[in-house]
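Novice: Curious how this folds, go ahead:
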Amino acid sequence: MLENLFKLKENGTNVRTEVIAGVTTFMTMAYILALNPSILSASGMDANAVLMATAIASFIGTMAMALLANYPFALAPGLGLNAYFAYTVCGSMGYSWQFALLAVFVEGLIFILLSLTNVREAIFNAIPAQLKKGVSVGIGLFVAFIGLQNGGLVVNDDSTLVAITSFVSDFNTTGISALLCIIGVFIIAVLSVKKVKGSILIGIIATWVIGMICQALGIYQGSSLYPVWSNFNPGAIGQTFGQCFNVDFSSVRILDFVVIIFAFLFVDVFDTLGTLIGVANKADMLDEEGKLPRIKPALLADAIGTTAGAICGTSTVTTFVESSSGVSEGGRTGLTAAVTGLLFLLAIFLSPIFIAIPSFATGSALIYVGFLMITAVIDIDFNDITEALPAYLCLIAMPLMYSISEGIAVGVISYVVINLCSGKAKKITPLMYVLAVLFILKYIFL
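Specialist: Here you go, the predicted model:
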């Protein structure tokens, strides 16, 4: 049945590989079950309700990706968009979280309509091949930077913005976390060299176990690495479910509503496209023309996840860049996504276990995945500045601006400007002009 449903042999994979890849993807994404409730609770939402909504929306979106598109991509509420939800819409703008959920719901409906047409597919296909390589490398750097932060190796610094952590001053907390993250990278690397299947997953679990041993010995004195069941409340979902339709419009400004919807939609579209380009390129799923087969159902799955998430009670659902960890383990079909989706559903009942996975363990995996993704840099033609420079600006912007969509914006604008001013306007498709103008307008008005 699995063979007929997911075409495993046709994609050069098997059930064992897909299951390991699915578990690996989930392990690197499980942090969203803790982080999303933490962020959205700032808007006044119940943290337990958000956790349940996050798990259910991730399950629906990821299963839609598995069954509609047969791709190994997993979905969950996106970082950045949840911060905009909590701190901008519900914070500085002063709207209720019910209003914000309604905006996400409407954005999801628009997303579904766009996914049923050729608009988003046309955008994907319009991006030049060399720029797509830059997107892939940029996502690799972005993922690695997230891993360095999660592992505690990179910290904020007033003078240089970022700096390496101090291993000595707070050794029993941040220092040991950073050291365990490094150990985790070494474990994954050695296992990969020895061609051990599931090396990334094994590395995450091994690093977690070493952390538990360090905590038992008193070496690690950070937050508990053991599951805590006391706050588990699966019935909390009732506090947010369907609340997107419970909005008082008497104080709503229509222009604000339109701007908020557009902001959610704009970032969601290009974060999703960027992730699909980067991860699909790494998995060698793009065809000879640089296009992704079955992109329309993949985009539709993303839109379904967002709409379902708004009803359940969470911010915009998007394709997660951490899907690259499962792809790196050999995941090539929707079975990988199905396993990840089922684990999100299981997480509703076992959430304390998954939330207990320390960030230094998943951080080590993301650092290694970043290394795997930047290998696409060798495919960029650096002899052609009109192609290579936009790709370079795109890949460097993603980690430094901390946004996949911003990296794409920089890449698209620079590609159009450089080629137009260099007398190579024939290379630029009409849609690239449109995208460049839209990005410029975004920076002016949003």
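
Novice: which SS state does the nearest residue to Ile413 once chain neighbours are set aside fall under?
Specialist: In space, and not counting its chain neighbours, Ile413 is closest to Ala436: 5.1 Å by CB to CB, 6 or more residues apart in numbering. All C-beta atoms are positioned from the backbone trio N, CA, C, and that covers glycine. Following DSSP: H, G, I helix; E, B strand; the rest coil, Ala436 is assigned to helix.

Novice: if I look at Ala436, how far off is Pro234?
Specialist: Here Ala436 is placed at a distance of 47 Å from Pro234 (CB to CB, to the nearest Å).

Novice: repeat for Val369
Specialist: For Val369 relative to Pro234 (CB to CB), the value is 32 Å.

Novice: Between the two, point out the one with more neighbours.
Specialist: The neighbour comparison of Val369 against Pro234 (other CB atoms under 10 Å) goes to Val369, with 30 against 13.

Novice: Who are the packing partners of the helix or strand hosting Val143?
Specialist: Val143 is located in helix 129-150, with elements delineated by DSSP states H and E. If contacts are counted by 3 or more CB pairs under 8 Å, 6 or more residues apart in numbering; DSSP states H and E, helix 129-150 sits against helix 254-282, helix 323-328, helix 359-373, helix 385-401, helix 404-421.

Novice: In a markdown table: these, plus mean pLDDT and distance to Ala189.
Specialist: Below are these laid out as a markdown table (pLDDT from 0 to 100; distance: least, CB to CB, whole Å):
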| stretch | mean pLDDT | distance to Ala189 |
| --- | --- | --- |
| helix 254-282 | 83 | 18 |
| helix 323-328 | 90 | 12 |
| helix 359-373 | 87 | 7 |
| helix 385-401 | 94 | 21 |
| helix 404-421 | 91 | 26 |
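
Novice: Just name the most buried of those.
Specialist: With neighbours taken as mean count of other CB atoms under 10 Å, those reach their highest mean count in helix 323-328, at a mean of 30.

Novice: Show me what the following helix or strand past it packs onto, helices and strands only.
Specialist: Using DSSP H and E, the next helix or strand after helix 323-328 towards the C-terminus is helix 334-355. Using 3+ CB pairs under 8 Å, 6+ apart as the contact test, the elements touching helix 334-355 are helix 2-6, helix 15-29, helix 32-40, helix 47-64, helix 323-328.

Novice: which parts of the first one are buried?
Specialist: Yep, that's helix 2-6 we're talking about. Phe6 (16 or more other CB atoms under 10 Å).

Novice: Can you pull out the residues in contact with it?
Specialist: By CB atoms under 8 Å, 6 or more residues apart in numbering, the surrounding residues in contact with helix 2-6 are Leu8, Lys9, Val15, Glu18, Ala66, Leu67, Asn70, Thr333, Gly334, Leu335, Ala338.

Novice: residues in contact with the third one?
Specialist: By CB under 8 Å, 6+ apart, Val15 lies in contact with Leu2, Leu8, Leu335.

Novice: surely the second one meets Ala21?
Specialist: No: under the criterion of CB atoms under 8 Å, Leu8 makes no contact with Ala21, lying 11.8 Å away.
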